[in-house]
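K.L.:
One predicted model, sequence on top.
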Amino acid sequence: MRNLVLLTAFAALPCFGTVYYKETFENLDGWVVSDWKQDSGEAGVMELSAGAWTADPKNMGYKTTQDAKFYAVSSKMTPFSNTGKTLVVQFSVKHEQGIDCGGGYIKLMPKIDQKNFQGETEYAIMFGPDICGSGTKRVHVIFNNKGENLLIDKTIRCEDDKFTHVYTLIVNPDNTYEVRIDGEKKQSGNMKDDWNFELPKEIKDPEASKPSDWVDDAMIDDPEDAKPEGYDDIPETIVDDDAVKPDDWDDEEDGEWEAPQIPNPDYKGEWKPKRIENPDYKGPWEHPMIANPDYVDVGDVYERGEMSYVGFEIWQVKSGTIFDNIIITDSVEEAEAFMKETFDAEAEKEAEKKYTEAKAAAEEAARAAEAEAEEEEDSDETDEDEEADMADLDAPAEDDKDEL
């Protein structure tokens with residue numbers, strides 16, 4: 001159920017803070033499908049679905065249903081700002097189809113035209129998993145900064161199995177952040193360190209360069225080591241003295257017989273002098289740093305401005321992803337309580353096990369029924385052949401017919 005007003009948690013739960021938006025997808029009231037890509041046939045359809053297997057069949061989510069399509073849907077929130085407050089964005093993603101390439105992220109946006117919501121639409125935050133092949137399996141955390149979308153410098157690996165996972169982004173008013181998956185911290189730090197909100201405080205001194213006499217080779221060839229006399233005269237292979245000319249060898253037809261070559265046990269390969277520590281080694285040269293004259297402290301970067309809409313704008317090769325249980329709040333405890341109420345990984349794994357076993361049993365029963373049907377068909381054909389043979393025996397021969 002979608003909430004557009006500022007809410008507290010469910011009545012059954014303690015109140016920890018303000019909930020700006022909460023969605024459990026009991027219905028799709030308030031969700032608007034964009035016109036983007038509709039005329040070209042590239043837009044996919046999303047629907048309410050509990051999935052093929054779930055711990056609670058009544059627990060619906062918002063599911064992508066068509067392969068190789070774009071999806072753009074959004075829902076309005078009561079406008080709010082995170083100035084002076086913690087911001088928590090949390091939602092669940094289930095790639096039940098075993099996604100091979102496609103997005104699973106959510107966007108928070110300022111005022112937008114929902115019917116024209118698309119890839120180029122401005123957003124404040126983009127957060128969630130993105131998978132494509134074996135190379136891309138990461139959690140995107142992107143903040144808009146003066147019209148530029150800044151991607152986190154860290155690589156946070158996302159989950160890539162078929163089960164539901166809860167993604168949580170926490171943005172604090174002291175410019176720190178944290179990313180969690182299923183309640184477990186995966187990354188945290190200072191936003192200024194992990195996004196390019198401002199130019200670096202220090203840069204390499206443009207006036208400095210590595211001295212020409214700088215020695216940065218830690219090891220050198222031992223000048224005292226010399227190649228042993230006759231080393232290069234040792235052949236790599238030698239004649240096999242144990243080889244015997246085959247009895248059927250014909251010199252006239254096969255040519256003069258030569259014993260085969262075998263590896264020489266005395267051959268040691270290309271000679272190389274032994275290596276020793278370089279007495280003149282100074283270590284790796286480090287470019288000296290100086291204060292960046294263009295550096296400007298941009299102040300607080302946690303502030304995301306006024307946010308009014310939440311949405312999914314994604315593309316998927318293989319559809320079947322189910323989004324659920326969105327919460328936008330200023331309280332980490334509120335989000336934790338909501339996850340505890342709506343997420344049960346063990347129950348879902350048990351449901352998947354039962355579904356897989358039931359599916360396997362049904363497939364086995366279908367195969368048995370098909371085999372039985374084929375056996376009956378073969379039996380019927382055999383009976384028909386036997387009846388035909390008996391009819392031939394009972395019928396008078398042509399010669400007998402002539403005599404009659």
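P.N.:
Arrived safely, thanks for sending.
K.L.:
what about stretch 256-270, how long is it end to end?
P.N.:
Stretch 256-270 stretches 33 Å from its first residue to its last (Cα to Cα, to the nearest Å).
K.L.:
Check the offset of that stretch from the chain's centre.
P.N.:
Here stretch 256-270 is found 53 Å from its chain centre; the criterion is Cα atoms, centre = their mean, to the nearest Å.
K.L.:
The helix or strand harbouring Val73 packs against which elements?
P.N.:
Per DSSP states H and E: Val73 is located in strand 69-81. The contact analysis (3 or more Cβ pairs under 8 Å, 6 or more residues apart in numbering; DSSP states H and E) places strand 69-81 against strand 19-23, strand 31-33, strand 306-316. Where C-beta positions appear, they are placed from N, C-alpha and C, glycine not excepted.
K.L.:
Out of these, which is closest to Ile142?
P.N.:
Across the helices and strands packed on strand 69-81, Ile142 has its closest neighbour in strand 306-316 (12.2 Å, Cβ to Cβ).
K.L.:
any idea which helix or strand comes after that closest one?
P.N.:
strand 321-329.
K.L.:
and that next one, C-alpha only, in PDB?
P.N.:
Taking Å, rounded to 0.1, in the frame of the first residue of the first chain, the C-alpha atoms of strand 321-329 are listed here in PDB:
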ATOM      1  CA  THR A 321      12.700  -9.200 -11.600                       C
ATOM      2  CA  ILE A 322      10.300  -8.500  -8.600                       C
ATOM      3  CA  PHE A 323      10.600  -5.200  -6.700                       C
ATOM      4  CA  ASP A 324       9.000  -4.900  -3.300                       C
ATOM      5  CA  ASN A 325       8.900  -3.300   0.100                       C
ATOM      6  CA  ILE A 326      10.200   0.200  -0.600                       C
ATOM      7  CA  ILE A 327      10.700   2.500   2.400                       C
ATOM      8  CA  ILE A 328      12.100   6.100   2.400                       C
ATOM      9  CA  THR A 329      12.700   7.400   5.900                       C
END
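K.L.:
Next, the angle strand 321-329 makes with the helix or strand following that strand.
P.N.:
Counting by DSSP H and E, the next helix or strand C-terminal to strand 321-329 is helix 332-342. Following axes from the mean of the first three to the mean of the last three Cα atoms, to 10 degrees, one obtains 140 degrees for the angle between helix 332-342 and strand 321-329.
K.L.:
Tell me the helix or strand right after helix 332-342.
P.N.:
That would be, after helix 332-342 and using DSSP H and E, helix 345-394.
K.L.:
hang on, the earlier thing: just name the most buried of the helices and strands packed on strand 69-81.
P.N.:
Greatest average neighbour count among the helices and strands packed on strand 69-81 goes to strand 19-23 (a mean of 23), per mean count of other Cβ atoms under 10 Å.
K.L.:
tell me what it is packed against?
P.N.:
Counting contacts by 3+ Cβ pairs under 8 Å, 6+ apart, strand 19-23 packs against strand 69-81, strand 321-329.
K.L.:
buried ones in the first one?
P.N.:
It stands for strand 69-81. Lys69, Phe70, Tyr71, Ala72, Val73, Ser74, Ser75, Lys76, Met77, Phe80 (16 or more other Cβ atoms under 10 Å).
K.L.:
Who are the contact partners of Pro79?
P.N.:
Contact analysis of Pro79 by Cβ atoms under 8 Å, 6 or more residues apart in numbering lists Lys111, Glu306, Met307, Ser308.
K.L.:
Reformat the helices and strands packed on strand 19-23 as a markdown table; add distance to Glu313.
P.N.:
A markdown table is the format used below for those (distance: least, Cβ to Cβ, whole Å):
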| stretch | distance to Glu313 |
| --- | --- |
| strand 69-81 | 5 |
| strand 321-329 | 12 |
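K.L.:
Of those, give the one that comes closest to Glu374.
P.N.:
When these are ranked by distance to Glu374, counting by Cβ to Cβ, first place goes to strand 321-329 at 39.1 Å.
K.L.:
List the neighbouring strands of the closest one plus their orientation.
P.N.:
If you go by DSSP bridges, strand 321-329 pairs up with strand 19-23 (antiparallel), strand 61-64 (antiparallel), strand 87-95 (antiparallel).
K.L.:
With distance to Lys137 and mean pLDDT as extra columns, can I get these in a markdown table?
P.N.:
Below are the strands paired with strand 321-329 laid out as a markdown table (distance: least, Cβ to Cβ, whole Å; pLDDT from 0 to 100):
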| stretch | distance to Lys137 | mean pLDDT |
| --- | --- | --- |
| strand 19-23 | 26 | 97 |
| strand 61-64 | 18 | 98 |
| strand 87-95 | 11 | 98 |
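K.L.:
any chance of these in TSV, with distance to Gly128 too?
P.N.:
Converted to TSV, these look like this (distance: least, Cβ to Cβ, whole Å):
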stretch	distance to Gly128
strand 19-23	15
strand 61-64	13
strand 87-95	6
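K.L.:
Can you say which of those strands is nearest to Asp222?
P.N.:
Nearest of those (Cβ to Cβ): strand 87-95, 58.1 Å.
K.L.:
Okay, angle between the closest one and strand 306-316 too, please.
P.N.:
Using the same axes, to 10 degrees: strand 87-95 against strand 306-316 is 20 degrees.
K.L.:
out of the helices and strands packed on strand 69-81, nearest to Met60?
P.N.:
Closest among the helices and strands packed on strand 69-81, using Cβ to Cβ: strand 19-23, at 10.8 Å.
K.L.:
any idea how far the closest one is from the chain center?
P.N.:
So, by Cα atoms, centre = their mean, the centroid of strand 19-23 is 27 Å from its chain's centroid.
K.L.:
Please apply the same query to stretch 111-118.
P.N.:
28 Å.
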